[in-house]
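**Student:** my questions are about this predicted structure, shown below with the sequence.
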Amino acid sequence: MQWLPVIRKIQAAGKGVIVDLQLHELEPFIAEMKPQGLYLCIAADEKDQPDILKRLEKW
């Protein structure tokens, strides 16, 4: 979460960025950020993947 200002600058420049998140960081992250140009890597168990995808689809 300490990288949010840097990620916003990258988005403002029209560039894409890869963000590595832990599952517990997902909700606070999507509450603060716009999805454009973000490529998320989230470590999660296979059983958690459908729920993650549903949350990201709403974003």
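**Tutor:** Sure thing, it's come through.
**Student:** okay, strands next: where are they in this structure?
**Tutor:** In the chain, the segments counted as strands under DSSP state E are 17-22, 38-43.
**Student:** helices or strands up against the first one?
**Tutor:** What that stands for is strand 17-22. Of the remaining helices and strands, those touching strand 17-22 by 3 or more CB pairs under 8 Å, 6 or more residues apart in numbering; DSSP states H and E are helix 4-12, strand 38-43. (Glycine included, C-beta is placed from N, CA and C.)
**Student:** what of the last one?
**Tutor:** Counting contacts by 3+ CB pairs under 8 Å, 6+ apart, the secondary-structure elements packed against strand 38-43 are strand 17-22.
**Student:** redo the strands of the chain as a markdown table? Include mean pLDDT, distance to Ile52 and mean neighbour count.
**Tutor:** Formatted as a markdown table, the strands of the chain follow (pLDDT from 0 to 100; distance: least, CB to CB, whole Å; neighbours: other CB atoms under 10 Å):
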| stretch | mean pLDDT | distance to Ile52 | mean neighbour count |
| --- | --- | --- | --- |
| strand 17-22 | 95 | 10 | 13 |
| strand 38-43 | 94 | 6 | 13 |
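**Student:** ok, the residue of the chain most remote from its centre to Ile10 distance?
**Tutor:** For the chain, the largest distance from the centre (CA atoms, centre = their mean) belongs to Lys47, which lies 19.0 Å off. Taking CB to CB, to the nearest Å as the criterion, Lys47 is separated from Ile10 by 32 Å.
**Student:** format the CA atom coordinates belonging to stretch 12-25 as PDB.
**Tutor:** In PDB, the C-alpha atoms belonging to stretch 12-25 read as follows (Å, rounded to 0.1, in the frame of the first residue of the first chain):
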ATOM      1  CA  ALA A  12      -1.400   9.200 -14.900                       C
ATOM      2  CA  ALA A  13       1.400   8.800 -17.500                       C
ATOM      3  CA  GLY A  14      -0.800   6.200 -19.300                       C
ATOM      4  CA  LYS A  15       1.500   3.300 -18.500                       C
ATOM      5  CA  GLY A  16       0.700  -0.100 -17.200                       C
ATOM      6  CA  VAL A  17       2.100  -1.500 -14.000                       C
ATOM      7  CA  ILE A  18       2.300  -5.000 -12.500                       C
ATOM      8  CA  VAL A  19       1.200  -5.000  -8.800                       C
ATOM      9  CA  ASP A  20       1.900  -8.000  -6.500                       C
ATOM     10  CA  LEU A  21      -0.700  -8.200  -3.800                       C
ATOM     11  CA  GLN A  22      -1.400 -10.500  -0.900                       C
ATOM     12  CA  LEU A  23      -5.100 -11.500  -0.600                       C
ATOM     13  CA  HIS A  24      -5.700  -9.400   2.500                       C
ATOM     14  CA  GLU A  25      -4.500  -6.300   0.600                       C
END
